[in-house]
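A.B. asks: I need the structure of the sequence given here:
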Amino acid sequence: MPLSPHPTLGWKEWREAIDAQLDRAGSVGTGSIPADQEDIHQFRAALKCARGLLRLAPPSIERQTSTIRKEIATIARGLARIRDQHVGMETLSSFSKTSKTVPSGELSVKAASTLMTARKRLGNVLPPLNDLPEPAERSSILLKAIKHGEKRLNKRLPEDWETADVAAIHAYRSALVSHECQIKFLSEQMGRPEKSKLEKLGKLRRYLGEFNDIARLLAADNKKSLRSQFEDWDAILSRAKKRQAALRRKIMKIC
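C.D. replies: Numbering: from 1, shown residues only. Got it, this is the predicted structure:
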């Protein structure tokens, strides 16, 4: 009976994982169905994951990969406002008892054009990525780099979730998204860590994402244009604050 292939964690697999995320982003919005908000979400999620994997680059190519990461971040930020506006209205509707109109997911002509421009700009990232030289270091340092990502995450861990400010929680979530992608890559290649850890990271990411969505809602309290659309605005804010407090407790239990 032939032996199963030995799992590997090499530079080839690392590059293939990055390419897969960029391919995923590049294919967004290319189907026959009109582009929608989910396309923007998938596009940005793929770019964030690619950036997380690029953080594993060794010193010999760190300068080149840092430039690529910054360009990918700029592309993703170009779509952040569109995504935030849509999620903001979804969040408002979820807390309202008088207006349950969920915003349409279909993109406006302008938003769809912005997405297509971002996809084209992503094409400019591929040549420098393809030109990356083979790292001089042994691929075994990938494990150390992933461990470093975990340390980076732990350094951003708020001391007290009950009192941590929004900026600190957002910074922690950003590090978590990057680390989660690295851990998924490790799991796909090596069969570890165990499934329970991946599920824990996923749940934590979702709670933190909801927390940030509510934080943006609360920050919009002074926008008259939003207040005029919801009769129960003050009640919405009250419910949102209660949910945010509950999320702090849920997050604290996981961490």
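A.B. asks: what's the burial count for residue 114?
C.D. replies: Using other CB atoms under 10 Å, residue 114 has 17 neighbouring residues. (Glycine included, C-beta is placed from N, CA and C.)
A.B. asks: what of residue 23?
C.D. replies: Neighbours of residue 23 using other CB under 10 Å come to 12.
A.B. asks: quick check: next helix or strand after the host helix or strand of it?
C.D. replies: Using DSSP states H and E, residue 23 sits in helix 11-26. Later in the chain than helix 11-26, the nearest helix or strand by DSSP H and E is helix 37-54.
A.B. asks: who does that following helix touch, helix- and strand-wise?
C.D. replies: Other elements packing on helix 37-54 under the criterion 3 or more CB pairs under 8 Å, 6 or more residues apart in numbering; DSSP states H and E are helix 11-26, helix 62-77, helix 80-95, helix 109-122, helix 166-190.
A.B. asks: what's next to the fourth one, contact-wise?
C.D. replies: Right, helix 109-122. Contact partners of helix 109-122, identified using CB atoms under 8 Å, 6 or more residues apart in numbering, comprise 22, 25-26, 28-29, 34-35, 39-40, 43, 47, 72, 75-76, 78-79, 82, 107.
A.B. asks: let's see that with 7 Å instead.
C.D. replies: Contact with helix 109-122 is made by 22, 25-26, 28-29, 35, 39-40, 43, 75, 78-79, 82, 107, as judged by CB atoms under 7 Å, 6 or more residues apart in numbering.
A.B. asks: would you mind listing which of these are buried?
C.D. replies: 22, 25-26, 28-29, 35, 39-40, 43, 75, 79, 82, 107 (16 or more other CB atoms under 10 Å).
A.B. asks: for these, give me TSV that also has pLDDT and distance to residue 162.
C.D. replies: Listed next are the buried ones among the contacts of helix 109-122 as TSV, based on pLDDT from 0 to 100; distance: CB to CB, whole Å:
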residue	pLDDT	distance to residue 162
22	95	39
25	93	37
26	89	42
28	82	38
29	70	41
35	84	40
39	92	37
40	94	33
43	95	35
75	96	36
79	95	33
82	93	33
107	90	38
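A.B. asks: now render those as TSV, adding distance to residue 160.
C.D. replies: Output for these, formatted as TSV (distance: CB to CB, whole Å):
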residue	distance to residue 160
22	38
25	37
26	42
28	39
29	42
35	42
39	38
40	34
43	35
75	35
79	33
82	34
107	40
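A.B. asks: of those residues, closest to residue 56?
C.D. replies: residue 22 (15.2 Å; CB to CB).
A.B. asks: list the contacts for the closest one?
C.D. replies: With CB under 7 Å, 6+ apart, residue 22 has these contacts: 50, 122.
A.B. asks: quick check: it vs residue 66, distance?
C.D. replies: Using CB to CB, to the nearest Å, one gets 17 Å for the distance from residue 22 to residue 66.
A.B. asks: what of residue 21?
C.D. replies: 17 Å.
A.B. asks: so for these two, which sits in the more crowded spot?
C.D. replies: For residue 21 and residue 66, the more surrounded residue by other CB under 10 Å is residue 21, and the numbers stand at 22 against 13.
A.B. asks: fine by me, thanks again.
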